[in-house]
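Generate a structure from the sequence data that follows.
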Amino acid sequence: MTVRKFKPVMVQPESETPDGFYFLSSLDQAIPFTMMTIYRYEKGSGNVGEVLKQALSKVLVLYYPLAGSMAISSEGRFIVELTKKGVPFVEAEADCSMDMLGDVRVPDLDVTNKLIYTDPKAKTILETPLLTAQVTKFKCGRFTLGIGISHSLVDGVSGMNFVNSWAQIARGKPVTAVPFHDRTLLKSRVPPQIKYPYDDFVQIADTSDTESLYQRDPLVHKLFVFDADRIAATKKLALSEGKVKCCSSFAAVTALVWRARSQALGMKPHQLTKIRIMADFRSKFGTEALPDNYFGNAVVTTASLCSAGELCERPISFAVEQIQKAVEQLDEEYVRSRMDFVDTYKPPLSSVGTLVISSWTRLAYGMSDFGWGDPSQFGCGYLARELCVYFPEGEGKKGIAVVLALPLSAMNAFEELVQD
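Numbering: from 1, shown residues only. Below you'll find the model as predicted:
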């Protein structure tokens, strides 16, 4: 597939927006990298680029920080300077039918580079645009929308709200998710009030030498579907062991993936392994609830730590119980204490022995209709080696599609384990 990209056009908000500086919370500070997503559309027209470009200038009036620039405050923290620099918007043409594209849920670096625009002159975070957009038309008349957006500005929910608002404007509809911009609601406390230990930040020794596997083998990405029958059977097994009283589809699939991945990587029984679960806490605040359509990161990880021997040799209900304990920790005090912990100690995160789960099964990407119907697929353009992403199996189905990255030999072993 060859893609011809035309010169980027800088799109600015069509009317006046605030200036000055825009506060970023500690949660925003921790993830200053670009999230890349690709939307696949099965219908299009010749003017799709112009329609999206005009709608972008309108939606940026509401989502104005995305037209600014990343800067460093006098306290040495990231902050958005509301420069109204604009958003690079690129139109592109592919020399083939979209049938050549494959499943966009599975990251492919070559495809990502062709379908998502990155500024070749940007060498640092401060030079990287906070948002880029690329519309690529295929010879069959269909198109993709590739988006690069700063994770410091959005999490999955607020990023999806932005795209869906953009789509509503493109269709001539009013925006239903008007963003709430005051991120000081998530300011760290002074003095800090740390009430929990956080397994997220436990540094794990690589006693199984998995790093050599990553160095020796190429990293490959693959998608695995756990259908409704497989999930039901796993739930039934976990419950039959008498250790847990309930088991969600999320816990069942996560238990299977965590165990199989640990085995596939050849973790020794005494090797510590950690699971970190990305958890949205918008509904968890009691004393000062986050407003609807809070624009920013309202996600933290909860974690559980055990040995690979315990995880893989004990019944699957053990893994389910560890996952449930991690999820049940999440409430407002856990979140605020964690922010205080991070601000106080600035602990590093490590990928050794770690699996990070991010579930996109509830993201409303089916509402991203710019006038040519909902996207048929939505995927991430890049996946860190410790990250595993969940998607819905497909329309009308109740399974979970799992995408992860592993060294080639480990991926082959993982495939055998999950098919048993």
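
Is it correct that S212 falls within a helix?
Yes - under DSSP: H, G, I helix; E, B strand; the rest coil, S212 sits within a helix.

Please report how far it lies from S409.
11 Å (Cβ to Cβ, to the nearest Å). (Glycine included, C-beta is placed from N, CA and C.)

out of these two, which sits in the more crowded spot?
S409 (16 against 11; other Cβ atoms under 10 Å).

Contacts only, for the more buried one.
Neighbour list for S409: L213, D217 [criterion: Cβ atoms under 8 Å, 6 or more residues apart in numbering].

Where does pLDDT dip in the protein?
287, 364-366 (pLDDT under 70).

Can you give the domain ranges for it?
Under the assignment automatic domain parsing, the domains of the chain span 3-186, 199-419.

quick check, Y390 in a strand?
Yes - judged by three-state DSSP, Y390 forms part of a strand.

What's opposite it in the beta bridge?
S359, V402 (DSSP bridges).

so it sits right up against A401, yeah?
Yes - between Y390 and A401 a contact is recorded at 7.0 Å, counting by Cβ atoms under 8 Å.

Which secondary structure element is home to I357?
strand 354-359 (DSSP states H and E).

do the same with T302
Using DSSP H and E, T302 falls within strand 299-307.

N161 now?
Here N161 sits within helix 156-170, counting by DSSP H and E.

Just want the angle from that helix to strand 354-359.
Helix 156-170 and strand 354-359 meet at an angle of 30 degrees, taking axes from the mean of the first three to the mean of the last three Cα atoms, to 10 degrees as the criterion.

number of nearby residues for the closest residue to P269 other than its chain neighbours?
Spatial nearest neighbour of P269, excluding adjacent residues (Cβ to Cβ, 6 or more residues apart in numbering): G309 at 3.0 Å. Under the neighbour criterion other Cβ under 10 Å, G309 is assigned a count of 15.

what does the one 3 residues further on give?
For C312, the count of nearby residues is 20 (other Cβ under 10 Å).

Contacts for the strand or helix carrying it next, please.
Using DSSP H and E, C312 sits in helix 308-313. Outside helix 308-313, the residues that touch it by Cβ under 8 Å, 6+ apart are 208, 258-259, 262-263, 267-273, 318-319, 322, 353.

let's see it at 10 Å
Here helix 308-313 makes contact (Cβ atoms under 10 Å, 6 or more residues apart in numbering) with 207-208, 255, 258-260, 262-263, 265-273, 275, 304, 306-307, 318-319, 322, 353, 417.

can you tell me which of these are in helices?
Under the assignment DSSP state H, those contribute A255, W258, R259, A260, S262, Q263, F318, A319, Q322, L417 to helices.

one step back: can you list residues touching both of Y390 and A401?
Common neighbours of Y390 and A401, using Cβ under 10 Å, 6+ apart, are F226, V253, W360, T361.

which residues does the second one contact?
This means V253. The neighbourhood of V253, defined by Cβ under 10 Å, 6+ apart, consists of 224, 226, 230-231, 234-235, 323, 357, 359, 361, 388, 390, 399-402, 418.

try D292
D292 touches N161, A177, V178, P179, F180, R282, counting by Cβ under 10 Å, 6+ apart.

could those be laid out in CSV, adding neighbour count?
Compiled in CSV, the contacts of D292 are given as follows (neighbours: other Cβ atoms under 10 Å):
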residue, neighbour count
N161, 24
A177, 19
V178, 14
P179, 21
F180, 15
R282, 16
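
Show me what the helix holding N161 is packed up against.
Applying 3 or more Cβ pairs under 10 Å, 6 or more residues apart in numbering; DSSP states H and E, we find helix 156-170 packed against strand 34-41, helix 48-62, strand 131-137, strand 143-150, strand 272-280, strand 299-307.
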